[in-house]
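**Student:** coords please:
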Amino acid sequence: MRKKNSAKKRSGQALILITFSLIPLFGLLGLVVDVGWMEFIKKQAQTAADAAAMAALLQFQSTTFSSDFTCGANGVVCQAPTSCNPAPNNYLHSGCLYAQLNGFSSSGNQYVTMQAGVGVPPTATGVNSSAYWVTARVNQSVPQLFSAVLGNPSGLVSARATAVLSPARDCIYVMDPTGSGALSMSGTPNLTTSCGVYINSNSATALNGNGTPTLRASEIDIVGNYTFSGTLDPNPPSTSVAPMNDPFAALPAPTVPAGCDFNNYQANGNRTLNPGVYCGGIDINNSDATMNPGTYILKGGGLTTQSANSHLTGNGVTIYNTYDGTHSYGPIDINANSTVSLTAPTTGTYSGVLLMEDRSITAGTYTDSFGGGSQQSYTGIIYAPKSNMNYFGNASSSAYTILVSYRLQMVGTSTINNDYSSLPTGNPIKITALVE
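**Tutor:** Coordinates of the predicted model:
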């Protein structure tokens, strides 16, 4: 009888021990489940933060062309509203909207903030500077299930992403998407550039060099492939790279006033030109012509120089080449023997823009010629994405030159530098990247 009672006692004690051991066991099981669920939420939050930061920065880049990226007090930091409107009214709100589309908004147990600024992002280690940055933060309080038994009713999930605008590495862009010899060098031309060359053509001969040409650049990027009989550095170049959109798509075209300030302007002798609307273009013929600072709108006719007796200089100059119903478009034609020294402005909307063509012209129809030999100097952006371009040289004294053309033929000896120190934000072409 005593043995039966003893057995019952032992089985009762075992049941109690098992019951007590199940409590921490269920607690651990609940903790594993809750931690796994929070990890799943964190990955979703990180995706939302990445999308928000990149979307905000990409919209900022696509709608802003400025020499002065500032926001908020002293141009350092601006804070988005704590709530995200369904209809965004600025690029930071667009970032909030992208977070919302990925399941996170500033409502209930979620909180989304957007921050932007100039210079060094405060949270991205290893980034020493940037032209602009955007940081997105996503937080959510997650109710706990099983582990709530252990006194943990909720947990906090946080994610952060920072996207930055950084200077592009290339300064020569050839935009023809399919053409053979989009960048062509024949004979003995020599192009040395401190920055990179980008060729958008997917042709097997997008870069074509015949004879003994020399092309030296910090990098050579080709969507398609190349054939080159001369000297390439680096060799081989990078091929099969991703296509690129217009690097200056956000650059606004100048407003073209009605009427004309000058008609079929011809410069003879010593002349000083003033900003304005030049209907029929500008012809520099046996003249020492100086352009005063400002914007010159060529309404038809283009810009031409005639001979070695044509000398053209200008500092702080932007030239916009366009046309209208009564003035036919004319390309830029700088005679190879002319002497040219032109420098773009360093402030304002058109900081760094030396020449811009009307985007509405038909691609590949016109050819711009930039002559003047190795003594010419073009400091600024020459933006002609729809025009073929013959380039006859550039003096090593030019601080920087950025070329954007539909097709490009290099002739003679050219040196392209990339000293953007005169511009408030450095290189005007920026690329976007997630840095955290």
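**Student:** In space, what's closest to residue 47 - neighbours in sequence excluded?
**Tutor:** Setting aside the residues directly before and after it, residue 47 is nearest to residue 102 in space (C-beta to C-beta, 6 or more residues apart in numbering), at 5.7 Å. In short, each C-beta sits where N, CA and C put it, glycine included.
**Student:** okay but the one you found is in contact with residue 48, surely?
**Tutor:** Yes - taking contact to mean C-beta atoms under 8 Å, the distance of 3.7 Å between residue 102 and residue 48 places them in contact.
**Student:** thinking again about what came up before, tally of neighbours for the residue nearest to residue 47?
**Tutor:** 18 (other C-beta atoms under 10 Å).
**Student:** roughly how far is stretch 386-396 from the heart of the chain?
**Tutor:** The gap between where stretch 386-396 is centred and where its chain is centred comes out at 22 Å by C-alpha atoms, centre = their mean, to the nearest Å.
**Student:** With stretch 355-371 instead?
**Tutor:** 22 Å.
**Student:** in it, what's buried?
**Tutor:** For stretch 355-371, a neighbour-count test (16 or more other C-beta atoms under 10 Å) marks 355, 356, 357, 358, 359, 361, 366, 367, 368, 369, 370, 371 as buried.
**Student:** so of these, which ones are in strands?
**Tutor:** Among the buried residues of stretch 355-371, the residues falling in strands (DSSP state E) are 355, 356, 357, 367, 368, 369, 370.
**Student:** Could you export those as TSV, including distance to residue 116 and pLDDT?
**Tutor:** Written out in TSV, the entries for those read as follows (distance: C-beta to C-beta, whole Å; pLDDT from 0 to 100):
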residue	distance to residue 116	pLDDT
355	32	97
356	28	97
357	32	97
367	42	97
368	38	96
369	43	93
370	38	90
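**Student:** ok, these vs residue 136, which is closest?
**Tutor:** residue 356 (33.9 Å; C-beta to C-beta).
**Student:** helices and strands of the protein: which one bottoms out on pLDDT?
**Tutor:** Comparing helices and strands within the chain by mean pLDDT, DSSP states H and E singles out strand 77-79 as the least confident, with a mean of 35.
**Student:** And the next helix or strand past that strand?
**Tutor:** Next helix or strand after strand 77-79 toward the C-terminus (DSSP states H and E): helix 91-101.
**Student:** Render the CA-only coordinates of that next one in PDB, please.
**Tutor:** As requested, the backbone C-alpha atoms of helix 91-101 are provided in PDB (Å, rounded to 0.1, in the frame of the first residue of the first chain):
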ATOM      1  CA  TYR A  91      10.400  65.400 -53.300                       C
ATOM      2  CA  LEU A  92      10.600  64.600 -49.500                       C
ATOM      3  CA  HIS A  93       6.900  63.900 -49.500                       C
ATOM      4  CA  SER A  94       7.500  61.600 -52.500                       C
ATOM      5  CA  GLY A  95       9.900  59.700 -50.400                       C
ATOM      6  CA  CYS A  96       7.200  59.300 -47.700                       C
ATOM      7  CA  LEU A  97       4.800  58.100 -50.300                       C
ATOM      8  CA  TYR A  98       7.200  55.400 -51.500                       C
ATOM      9  CA  ALA A  99       7.600  54.300 -47.900                       C
ATOM     10  CA  GLN A 100       3.800  54.200 -47.600                       C
ATOM     11  CA  LEU A 101       3.500  52.100 -50.800                       C
END
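**Student:** Output the below-cut-off pLDDT ranges for this structure.
**Tutor:** In the predicted model of the chain, residues 1-34, 62-90, 144-154, 372-375, 395 satisfy pLDDT under 70.
**Student:** one step back: quick one: the residue nearest to residue 47 from residue 42, how far?
**Tutor:** When distances are taken as C-beta to C-beta, to the nearest Å, residue 102 and residue 42 turn out to be 13 Å apart.
**Student:** residue contacts, the residue nearest to residue 47?
**Tutor:** Residues counted as contacts of residue 102 (C-beta atoms under 8 Å, 6 or more residues apart in numbering) are 44, 47, 48, 51, 52.
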